[in-house]
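J.: sequence first, then the predicted structure:
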Amino acid sequence: MQTRYQYGTLTLRKRKIGPDVWQWRYMEEGRRKSVLIGTTERLPNKAAAIRAVESRRLRLNADNPQTPFRTTTVGALIDRYLAEELERVRHDTQVSYNAFLNKWIRPKVGDVRLTEIKSIPVEAWLTRVPRSPQTRGHIRSMFDILFQCAMRWELRDRNPISLVRQSTLRKNIPRVLTPKEFKALLKELTGLTRRWFLSQAVWVCVRAS
């Protein structure tokens, strides 16, 4: 177990052909190593490169007792989750998780420190997300999974999302078609759309029986 927290060294590497690249150097098991983080086209300044390397630094210092006392952002937590945990779920679930993380959570709080995430502000933000209660519930669940990982990796000692309330119930009661309306709608459908519609109708009937 290493005793010193490793930040590594981030430098801009010039190239004769193509855009310059950011290079991160660090020590691992007594050996010097380096990795290319990205080009200046994707990471136009050092601040962006530092954010990109943060999740790698977290993994490098995973066993270091000083890690919980360092500044860790939600964005770095997301990157580590994507690198280490996402493959554990099914492919279709991976697609959904990526959307919740990169479309909603990262843009909102990606640069915010884990210690600054509070239950009530998150709850208030979720009520303003322009999506259905069910989708907002999924976003809240994804946020909760992130902080469960943060606790397992000893980056936080509590999960503020566990106290966030978010109803997944519909606000409006769905309108039920009459048999006549159902037949009229069925006549307008063809091919795969018609077969899909019929399969869903059968599934609803079976579930209700």
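T.: That came through fine. Numbering: from 1, shown residues only.
J.: hmm, what's the outermost residue in this structure?
T.: Most distant residue from the mean C-alpha position of the chain: Lys180, 44.7 Å away (CA atoms, centre = their mean).
J.: state the pLDDT value of that one.
T.: The model reports Lys180 with a pLDDT of 80.
J.: could you list the low-pLDDT ranges of the protein?
T.: Applying pLDDT under 70 to the chain picks out residues 1-7, 64-70, 167-175, 191-209.
J.: domains in it, by residue range?
T.: Taking automatic domain parsing as the criterion, the chain consists of the domains 1-53, 71-174, 179-208.
J.: deepest in the core, which of these is it.
T.: Counting by mean count of other CB atoms under 10 Å, domain 71-174 has the highest mean neighbour count of the domains of the chain, with a mean of 15. Every residue, glycine included, has its C-beta placed from N, CA and C.
J.: for the protein, what's the longest helix?
T.: When the chain is parsed with DSSP state H, its longest helix is helix 133-152.
J.: what does that one contact?
T.: With contacts defined as CB atoms under 8 Å, 6 or more residues apart in numbering, helix 133-152 is touched by 72, 74, 77-78, 80-81, 85, 96-97, 100-101, 104-105, 114, 117, 122, 126-127, 129, 131, 156-162, 164, 166-171.
J.: about what we covered before: ok, the residue farthest from the centre of the chain to Glu188 distance?
T.: Computed with CB to CB, to the nearest Å, the distance linking Lys180 and Glu188 is 14 Å.
J.: quick one: contacts for the residue nearest in space to the middle of the chain?
T.: In the chain, the residue lying closest to the centroid (CA atoms, centre = their mean) is Leu101, at 2.5 Å. When contacts are counted by CB under 8 Å, 6+ apart, Leu101 touches 78, 81-82, 142, 146.
J.: swap the cut-off to 6 Å and go again
T.: When contacts are counted by CB atoms under 6 Å, 6 or more residues apart in numbering, Leu101 touches Ile78.
J.: part of a helix, is it?
T.: Yes - assessed by DSSP: H, G, I helix; E, B strand; the rest coil, Leu101 belongs to a helix.
J.: can you give me the strands in this protein?
T.: 9-13, 21-28, 31-39 (DSSP state E).
J.: what is the last one packed up against?
T.: The helices and strands touching strand 31-39, judged by 3 or more CB pairs under 6 Å, 6 or more residues apart in numbering; DSSP states H and E, are strand 21-28, helix 46-60.
J.: now tabulate the domains of the chain in CSV and tack on distance to Asn61.
T.: Converted to CSV, the domains of the chain look like this (distance: least, CB to CB, whole Å):
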stretch, distance to Asn61
domain 1-53, 6
domain 71-174, 10
domain 179-208, 49
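J.: between the ones you listed, which gets nearest to Asp63?
T.: Closest to Asp63 of these, according to CB to CB: domain 1-53, at 5.2 Å.
J.: no more questions from me, cheers.
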